[in-house]
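Colleague: no letters, just coordinates:
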């Protein structure tokens with residue numbers, strides 16, 4: 001089983017979007033039984049237990065991605081034992097993940113857009129304080145990054 005955790009700040013916009021997108025891509029590839037997928041936030045105590053932002057869920061649903069059942073939670077040191085891949089949406093969250101990563105952890109901690117081919121962006125921007133266009137842009141970036149991530153994982157694990 002390959003485990004992937006997506007991480008943003010509050011775990012209500014970007015990381016649940018990535019969880020939903022990646023879950024569908026994995027399912028479409030017929031690999032659901034090979035993956036454990038989740039999301040969390042570095043500052044999710046603000047939203048602990050909350051569903052994804054309604055704007056994120058609406059944009060995702062308009063493109064056929066399901067965020068139903070996802071609830072915000074904090075990322076913790078135990079996640080570095082559970083997950084093989086811990087994928088940050090931006091540098092601030094990557095820095096926080098690297099700060100709390102136990103030295104013995106073998107988890108790969110990366111930025112999502114490191115896996116996006118043909119993109120100049122390096123970070124998935126936080127759409128929380130913007131309008132619907134920000135959520136559309138996030139979904140565009142998450143889709144490209146998730147496709148690249150899945151391709152990388154498939155090659156590395158020979159799936």
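Modeller: Done, it's in. Note that the structure is a prediction, hence the values are computed from the model and not measured.
Colleague: which residues sit in contact with residue 90?
Modeller: 8, 111, 123, 124, 125, 126 (C-beta atoms under 8 Å, 6 or more residues apart in numbering). (Each C-beta comes from the backbone N, C-alpha and C, glycine too.)
Colleague: with residue 67 instead?
Modeller: 16, 17, 19, 20, 51, 52, 56, 57, 60, 61.
Colleague: can you say which of those are buried?
Modeller: 16, 17, 19, 20, 51, 52, 56, 57, 60 (16 or more other C-beta atoms under 10 Å).
Colleague: which one of these is nearest to residue 157?
Modeller: Distance to residue 157, by C-beta to C-beta, is smallest for residue 19 among the buried ones among the contacts of residue 67, at 19.2 Å.
Colleague: just the helices in this structure please.
Modeller: Under the criterion DSSP state H, helices of the chain are mapped to 14-28, 54-62, 79-82, 91-100, 132-157.
Colleague: could I get those helices as TSV with distance to residue 38?
Modeller: Below are the helices of the chain laid out as TSV (distance: least, C-beta to C-beta, whole Å):
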stretch	distance to residue 38
helix 14-28	6
helix 54-62	16
helix 79-82	8
helix 91-100	14
helix 132-157	14
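Colleague: neighbour-wise, which one of the contacts of residue 90 leads?
Modeller: Using other C-beta atoms under 10 Å as the neighbour criterion, residue 8 leads the contacts of residue 90 with 31 neighbours.
Colleague: and the gap between that one and residue 50?
Modeller: 13 Å (C-beta to C-beta, to the nearest Å).
Colleague: cool, and residue 103?
Modeller: 32 Å.
Colleague: so which of the two has more stuff around it?
Modeller: Using other C-beta under 10 Å as the criterion, residue 103 and residue 50 rank with residue 50 on top: 16 against 5.
Colleague: am I right that that one is in contact with residue 72?
Modeller: Yes. Between residue 50 and residue 72 there is a contact under C-beta atoms under 8 Å: 4.6 Å.
Colleague: shared neighbours, the two?
Modeller: residue 12.
Colleague: and the residue lying closest to residue 135 once chain neighbours are set aside, how many neighbours?
Modeller: Leaving aside its sequence neighbours, residue 135 sits nearest to residue 59 (C-beta to C-beta, 6 or more residues apart in numbering; 4.3 Å). Number of residues near residue 59 (other C-beta under 10 Å) recorded here: 24.
Colleague: got the confidence number for residue 59?
Modeller: For residue 59, the pLDDT comes out at 96.
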